[in-house]
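quick one, fold the following:
(2 chains)
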Amino acid sequence: MRRTLVLFATLLLLWALVSQLNDALAPLRVHVFAGGLFVVFAALTQPRRPGLAATLLAGLVCDAHAPVMFGLHLLLFAAAHALLFHVRERVAREDAISITVVALLTNLALFLLLSFTQIHTSPAPASAWPRLIADLAASQLLLALVTPWFAALQARALGVARVPRFDLA
Amino acid sequence: MRFKRLDQARPFVTLAIIAAAWLIVPTVVKTFARASFFELTAPVAVAASRARDLQEYWGLRLHSEHELIEAGRDLARLTASYEFGVQQNSELRAEITRLESLLRLPSLPAYRYEHARVARRDFSGWWQRIVIRKGRNFGISVGAPVVFTGGVVGRVTEVHATTAVVELISSPNVRLAGAIEGDSRTVSFQGGINPTFGPPMGVVESLPLDVIVTPNAPKRLVTSAYGGVFPPGLTLGLVTRASGGSEGLFQTGDVKLDERLGSLTEVTVLVPVNKE
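Residues are numbered from 1 along each chain as shown, chains lettered A, B, ... in the order given. So this is what the prediction gives:
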């Protein structure tokens, strides 16, 4: 329970930071999406249940602030968590570069899936893609910069709460 | 061997269970969960917004008295011209009331103006929304029109305890009835094309064929009297291009929206007043 709460607190902090960054970028019409970061650390390094629970709670926070079917982020994050948990034995989980690459790939997949679910509302779907691609590029750049920091923050937060950092089972 | 396979499939079994459980959860539970998670995180946006206001206040405190005197002088001039406008406005209102009673017309909807600070802006390629720092505590209702000095901002889509969510007219989910300024025929407006670094854009449909628009001679698109909650005559944007639709009966066109939509800090909610 403590592990879930600590992980959720860090994800809530991430959500707050990303939403403030998006608020600052709004005049430029640039938006960053950090869905991959909500999933990667919990899926790669944490036991299944508390990691998944924290990810699902973060998905619900994202859902509450988006005009989408309530549960869309939850289901996308759950699917990403299941997939990453399945392949995590093949990933160098203590290597920052590996975690960053996995976060980038996860974010790319989540962004595209979310775009495909929302593009039908646009009056000209083809015209919407240049903007979406620019947002995706900005998101990936942000993720490449902050993933090592955020993974270290989550690991440190678990350490402070006296919860073992890694699930090495 | 079979046990190992089962163990490997466990994350996907869990995913299937979550998806199935989510599908059968009643809507009322989902609605409650959405509102709860929103209220849980609302103080984050409000606190950040108040911190920005404080930062702005201390920034303004650094201005010299000379600048303050100049600003006061400019404000006094502006107030004088607005006072003249208010006098004309009250005369016109009296004239409208007289004509309504003479012709036995139904009264135009009345509104209370509720000014609100913007707590958070969310301008993605999928949707454009802002969160304002007033909600049920100020009687704001779902569907209420939101305006600013440049025209229409959007409409309230969610109301929470101390905050409300406004869907902007640049969002593809927003559809409104509009009219070209000086023309009573209704056209359909939809937001949705928001290029990076460029002004937000919308689309106008059902534009009559005799309306000629070019980038050098754009036409102002305003809200229509048949536009539901919006009072008529409020600026939506400028129609910069129009071309023949697929069926040849009407034109479709591009609407350039106000660039300030992306940097709003204060808006006004028109709260309908029930006269009875």
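
how far does the longest helix seen in chain A sit from the chain's center?
Selection of the longest helix in chain A by residue count, based on DSSP state H, yields helix A:125-160. Between the centre of helix A:125-160 and the centre of its host chain there is 8 Å, according to CA atoms, centre = their mean, to the nearest Å.

just to be sure, A:L75 is in a helix?
Yes - A:L75: assigned to a helix according to DSSP: H, G, I helix; E, B strand; the rest coil.

for it, the count of nearby residues, please.
A count of neighbours around A:L75, defined by other CB atoms under 10 Å in any protein chain shown, yields 19. The C-beta positions use only the backbone N, C-alpha and C, and glycine is treated the same way.

which SS class is the closest residue to it other than its chain neighbours?
Distance criterion CB to CB, 6 or more residues apart in numbering or on different chains; nearest residue to A:L75, sequence neighbours excluded, is B:A19 at 6.0 Å. The three-state label given to B:A19 by three-state DSSP is helix.

where exactly do the helices run in chain A?
With DSSP H as the criterion, chain A has helices spanning A:2-25, A:35-45, A:48-64, A:72-87, A:96-118, A:125-160.

wondering if the third one reaches chain B at all.
I take that to be helix A:48-64. Yes - if you take CB under 8 Å from any CB of the partner chain as the test, helix A:48-64 does meet chain B, through A:48, A:52, A:56, A:60-61, A:63-64.

remind me which residues of chain A are low pLDDT?
Residue ranges of chain A with pLDDT under 70: A:165-169.

if we go to 50?
Where chain A drops to pLDDT under 50, the residues are A:169.

likewise the stretch 151-276 of chain B?
Applying pLDDT under 50 to the stretch 151-276 of chain B flags residues B:276.

and residue 144, how many neighbours?
By default, I'm working from chain A. In terms of burial, A:A144 registers 14 neighbours under the definition other CB under 10 Å.

my question was about chain B, not that one.
Summarising burial for B:A144: neighbours were counted as other CB under 10 Å, giving 21.

B:L238 touches B:A217, doesn't it?
No - using CB atoms under 8 Å, B:L238 is not in contact with B:A217; the gap is 10.3 Å.

most packed of the helices of chain A?
Each of the helices of chain A was assessed for mean neighbour count using mean count of other CB atoms under 10 Å in any protein chain shown. The highest is helix A:35-45, with a mean of 27.

so for the helix or strand that contains B:E95, mean pLDDT?
When elements are assigned from DSSP states H and E, B:E95 belongs to helix B:65-103. Averaging pLDDT along helix B:65-103 yields 89.

what's the first helix or strand after that helix?
On the C-terminal side of helix B:65-103, the closest following helix or strand by DSSP H and E is strand B:110-123.

before we move on, back to that, who's more crowded, B:L238 and B:A217?
Between B:L238 and B:A217, counted using other CB under 10 Å, B:L238 has the larger neighbour count: 18 against 8.

quick check: the more buried one vs chain A, distance?
If you measure B:L238 against chain A using CB to the nearest CB, to the nearest Å, the figure is 17 Å.

now for that residue: which residues touch it?
B:218-221, B:255-256 (CB atoms under 8 Å, 6 or more residues apart in numbering or on different chains).

same deal with A:L74?
Neighbours of A:L74 in contact, by CB under 8 Å, 6+ apart: A:56, A:59-60, A:63, B:18, B:22.

circling back: pipe the residues of helix A:48-64 next to chain B into CSV and attach distance to B:R112 per row.
As requested, those are exported to CSV (distance: CB to CB, whole Å):
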residue, distance to B:R112
A:R48, 53
A:L52, 47
A:L56, 41
A:L60, 35
A:V61, 33
A:D63, 32
A:A64, 29
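
which one of the residues you listed is nearest to B:A71?
Taking CB to CB as the measure, B:A71 lies nearest A:A64 of the residues of helix A:48-64 next to chain B, at 40.9 Å.

so what's the closest one up against?
Contacts of A:A64 (CB under 8 Å, 6+ apart): A:70, B:33-38, B:40-41.

and A:L37, by the same measure?
When the contact criterion is CB under 8 Å, 6+ apart, the partners of A:L37 are A:14, A:103, A:107, A:143, A:146-147, A:150.

go again using 10 Å as the cut-off
Contact criterion CB atoms under 10 Å, 6 or more residues apart in numbering or on different chains gives A:10-11, A:14-15, A:18, A:58, A:99, A:103, A:106-107, A:139, A:142-143, A:146-147, A:150-151, A:154 as the residues in contact with A:L37.

over to B:I169?
B:I169 makes contact with B:128, B:146, B:151-155, B:175-176, B:178, B:189-192, B:200, B:202, B:223, B:230, B:236-237, B:255, B:257-258, B:261, according to CB under 10 Å, 6+ apart.

of these, which belong to strands?
Of the positions in these, B:128, B:146, B:151-155, B:175-176, B:178, B:189-192, B:202, B:223, B:236-237, B:255 sit in strands, assigned by DSSP state E.

circling back: got the contacts of B:L238 as CSV, with distance to chain A and neighbour count columns?
Compiled in CSV, the contacts of B:L238 are given as follows (distance: CB to the nearest CB, whole Å; neighbours: other CB atoms under 10 Å in any protein chain shown):
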residue, distance to chain A, neighbour count
B:P218, 19, 18
B:K219, 19, 21
B:R220, 20, 16
B:L221, 15, 28
B:V255, 11, 28
B:K256, 13, 18
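
closest one of these to A:S115?
Closest to A:S115 out of these is B:V255 (23.4 Å), distances taken as CB to CB.

from A:V68, how far off is the closest one?
As for B:V255, its distance to A:V68 is 25 Å (criterion: CB to CB, to the nearest Å).

likewise B:P145?
Between B:P145 and A:V68 the computed distance is 24 Å (CB to CB).

ok, the closest residue to A:A64 other than its chain neighbours to A:F8 distance?
When the adjacent residues along the chain are set aside, A:A64 lies closest to B:F37, with 3.6 Å between them (CB to CB, 6+ apart). B:F37 sits 11 Å away from A:F8, taking CB to CB as the criterion.

which neighbours do the two share?
Both B:F37 and A:F8 are in contact with A:57, A:61, where contact means CB under 10 Å, 6+ apart.
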